[in-house]
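S.K.: following is a predicted model, sequence given first.
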Amino acid sequence: MQPIQRKRLGVVLTGIVVFLATTFLIYEFWRLLIEPDIGARDLAQRYREVRLWFDGGDVYGVIGTAVYPPASYAMIWPLCGWMTFPVARLACALFSFGTLAILVGLTLHLTRHVTIVPVYVRALIPIANYSIGAGIGNGQLSLFSITAMIGAIHLLDTPESRGSFRRHMLANALFVFALIKPTLTAPFLCLWLFSARNLRSLMQVSVMYLALVVFAAAYQSDDIATLHQNWLWKGVRGVAVGSVSGAGSNIHTGISQVIVGEDKKSVLAVIDAPRSDDLHSLHILTTLAALLLFGAWTLVHRHVDKWVLAAVIAYVARFWTYHRWYDDVLILIPIVVLLRIASDRVPTRQRKVALILFALTTVFMISPGGLYLLPPPWNAIYSNMLTGIWIAGLIFCIYHAGHLRRRDRDVLPAAE
């Protein structure tokens, strides 16, 4: 194929992606703002929970969807705790649009040294990702959470942040805000714990989060310990139910299907049975085991490029508990990191593998995705292929982190 033909083909393909992404985002913003039945579904749940919470109601005892910790309700309150629901939908739409613009800017900044992919393609990475639109339409917190986490890691990673109290404060504040959806970002605690480098940062994070907890608890009759105990019980049951209700590609769905079977009604019957504690305990143990395993791995590789560590943790966070398709926004971190590796000074084979994984992941996650677009059994085949690509990306990033660790270890004695 001649260069001019490749250029024309690139323009055509880019135009198709822009059309798909734009159409999907317009549809999802319409769902968030106007659609009365399936639009803003998650925002409506958070709205009801927050209003009841700050009215002093028993949120965990009354509302079945209340699976967020107390601090999260304190962070959600400014968005919908003091306004009518239609205004909350509008505020969420404006906040989503602004956050998406920030995410595009972060993506371009983090890939600014990449020359193998044009800038307009790099700008489309978040815009054309199906998880962004899916989360916006539902009024989900995923976009806000992952954008804050990317911003926090960026601030922590820049040389200007070293010794800068203001930058450290901002990074820590963004990290705390990212915990608004802990099932998405809690695994990144490993990165923060071993990369903050000083006790001051950890204390700042702890104080900020505790302040949110105290603020939220002030509107409840139960004490802080009881609130968190109720949240944990509700959250574990929510994980068990969610693992068989629209979730996929995670360890909890696998556990439920292996122990009980693939029939959704059978799993839900066991969850509600008196002896359901065994299944719930197994979910907790597997979650803790995954965190401890990759926490230890992060500790060993703590001197490696933080973005490579972040990519591994993002993959782990995608698999460690149940997620729906809008939480696939986590994979934006590995996509950016794979592109950075493909342009880095590493062995040629690693650059090629990174570029292939970047291309496959990006293409498979172009809006509107295949999960709800394709009919059975093609949607299941698509999901399994996408999961396989993620697993390959996880294995590669783990291998690449090991390569960087060995390279740095060999360089230090030579420098001495």
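M.R.: Perfect, I can see it now.

S.K.: pLDDT value on Asp157, please?
M.R.: Note on Asp157: pLDDT of 76.

S.K.: no wait, Val316
M.R.: Reading off the confidence values, Val316 has pLDDT 93.

S.K.: got it, and Ile271?
M.R.: 49.

S.K.: for Arg162, same thing?
M.R.: In this model, Arg162 is scored at 63, pLDDT.

S.K.: touching, Gly295 and Trp192? I think so.
M.R.: No - with contacts counted by Cβ atoms under 8 Å, Gly295 stays clear of Trp192, the gap being 11.2 Å. From N, CA and C alone the C-beta is placed, and that goes for glycine too.

S.K.: who has more neighbours out of the two?
M.R.: Remark: of Gly295 and Trp192, Trp192 carries more neighbours, 22 against 19, as counted by other Cβ atoms under 10 Å.

S.K.: and for the more buried one, nearest residue in space, chain neighbours not counted?
M.R.: With Cβ to Cβ, 6 or more residues apart in numbering as the criterion, Trp192 has its nearest non-adjacent residue at 5.9 Å, and that residue is Phe175.

S.K.: how much space is there between the one you found and Tyr73?
M.R.: Note on Phe175: its distance to Tyr73, by Cβ to Cβ, to the nearest Å, is 18 Å.

S.K.: low-scoring stretches of the stretch 101-250 of the chain, by residue?
M.R.: Scanning the stretch 101-250 of the chain with the threshold set as pLDDT under 70 gives 159-163, 195-198, 242-248.

S.K.: could you pull out the strands for it?
M.R.: For the stretch 101-250 of the chain, no strands are identified by DSSP state E, counting those that start in this stretch.

S.K.: spatially central residue in this structure, please.
M.R.: Leu330 (3.4 Å; Cα atoms, centre = their mean).

S.K.: what does that residue show for phi and psi?
M.R.: phi -50, psi -30 (degrees, to the nearest 10).

S.K.: repeat for Leu374
M.R.: According to degrees, to the nearest 10, Leu374 has phi -90, psi 150.

S.K.: ok, now Gly64?
M.R.: Main-chain torsions, Gly64, degrees, to the nearest 10: phi -70, psi -30.

S.K.: list the buried residues in the helix or strand harbouring Val12.
M.R.: Element membership for Val12, per DSSP states H and E: helix 3-33. Neighbour-count burial for helix 3-33 flags Val17, Ala21, Phe24, Leu25, Tyr27, Glu28, Phe29, Arg31, Leu32, Leu33 (criterion: 16 or more other Cβ atoms under 10 Å).

S.K.: likewise for stretch 179-187?
M.R.: Neighbour-count burial for stretch 179-187 flags Leu179, Ile180, Lys181, Pro182, Thr183, Leu184, Thr185, Ala186, Pro187 (criterion: 16+ other Cβ under 10 Å).

S.K.: ok, longest helix in this protein?
M.R.: In terms of residue count, the longest helix belonging to the chain (DSSP state H) is helix 378-415.

S.K.: my read: Tyr60 touches Leu232, true?
M.R.: No - using Cβ under 8 Å, Tyr60 is not in contact with Leu232; the gap is 9.6 Å.

S.K.: for these two, indicate the residue with more neighbours.
M.R.: Applying other Cβ under 10 Å to Tyr60 and Leu232 shows that Tyr60 carries more neighbours, namely 24 against 14.

S.K.: nearest to Ala225 among the buried residues of stretch 179-187?
M.R.: Nearest to Ala225 among the buried residues of stretch 179-187: Pro182, at 17.6 Å, using Cβ to Cβ.

S.K.: mind listing what that closest one touches?
M.R.: Residues near Pro182 by Cβ atoms under 8 Å, 6 or more residues apart in numbering: Tyr68, Pro69, Ser72.

S.K.: I figured Ser221 hits Trp53, correct?
M.R.: No - if you go by Cβ under 8 Å, Ser221 and Trp53 don't touch, sitting 11.6 Å apart.

S.K.: okay, these two: which has more neighbours?
M.R.: Trp53 (25 against 10).

S.K.: returning to what we had before: can you pull the contacts of the residue nearest to the centre of the chain?
M.R.: Ile146, Leu184, Ala314, Tyr315, Ala317, Arg318, His323.

S.K.: how about Thr185, nearest residue that isn't a chain neighbour?
M.R.: Computed as Cβ to Cβ, 6+ apart, the closest residue to Thr185 that is not its neighbour in sequence is Ala178, at 4.6 Å.

S.K.: neighbours around His303, how many?
M.R.: 14.

S.K.: chain neighbours aside, what residue packs nearest to it?
M.R.: Counting by Cβ to Cβ, 6+ apart, His303 lies nearest to Asp408, which is 6.4 Å off, once chain neighbours are set aside.

S.K.: that neighbour is in contact with Val304, isn't it?
M.R.: Yes - with contacts counted by Cβ under 8 Å, Asp408 reaches Val304, the gap being 7.5 Å.

S.K.: neighbour count for the two, which is higher?
M.R.: Val304 (20 against 12).

S.K.: circling back to that earlier point, neighbour-wise, which one of the contacts of Pro182 leads?
M.R.: Counting by other Cβ under 10 Å, top hit in those: Tyr68 with 26 neighbours.

S.K.: so it: helix, strand or coil?
M.R.: The local conformation at Tyr68, judged by DSSP: H, G, I helix; E, B strand; the rest coil, is coil.

S.K.: is it true that it touches Lys234?
M.R.: No - using Cβ under 8 Å, Tyr68 makes no contact with Lys234, being 9.2 Å away.

S.K.: next, show the common contact partners of the two.
M.R.: Joint contacts of Tyr68 and Lys234 (Cβ under 8 Å, 6+ apart) do not exist.

S.K.: could you dump stretch 357-372 to PDB, C-alpha only?
M.R.: The C-alpha coordinates for stretch 357-372 follow below in PDB (Å, rounded to 0.1, in the frame of the first residue of the first chain):
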ATOM      1  CA  LEU A 357      -1.600  -4.800  22.900                       C
ATOM      2  CA  PHE A 358      -2.300  -1.000  22.700                       C
ATOM      3  CA  ALA A 359      -3.900  -1.400  19.300                       C
ATOM      4  CA  LEU A 360      -6.000  -4.500  20.200                       C
ATOM      5  CA  THR A 361      -7.200  -3.000  23.500                       C
ATOM      6  CA  THR A 362      -8.100   0.400  21.900                       C
ATOM      7  CA  VAL A 363      -9.900  -1.100  18.900                       C
ATOM      8  CA  PHE A 364     -11.900  -3.600  21.000                       C
ATOM      9  CA  MET A 365     -13.000  -0.800  23.400                       C
ATOM     10  CA  ILE A 366     -14.200   1.600  20.700                       C
ATOM     11  CA  SER A 367     -17.700   2.900  21.300                       C
ATOM     12  CA  PRO A 368     -20.300   1.500  21.500                       C
ATOM     13  CA  GLY A 369     -18.600  -1.800  22.400                       C
ATOM     14  CA  GLY A 370     -19.800  -5.300  21.600                       C
ATOM     15  CA  LEU A 371     -21.400  -6.300  24.900                       C
ATOM     16  CA  TYR A 372     -24.900  -4.900  24.100                       C
END
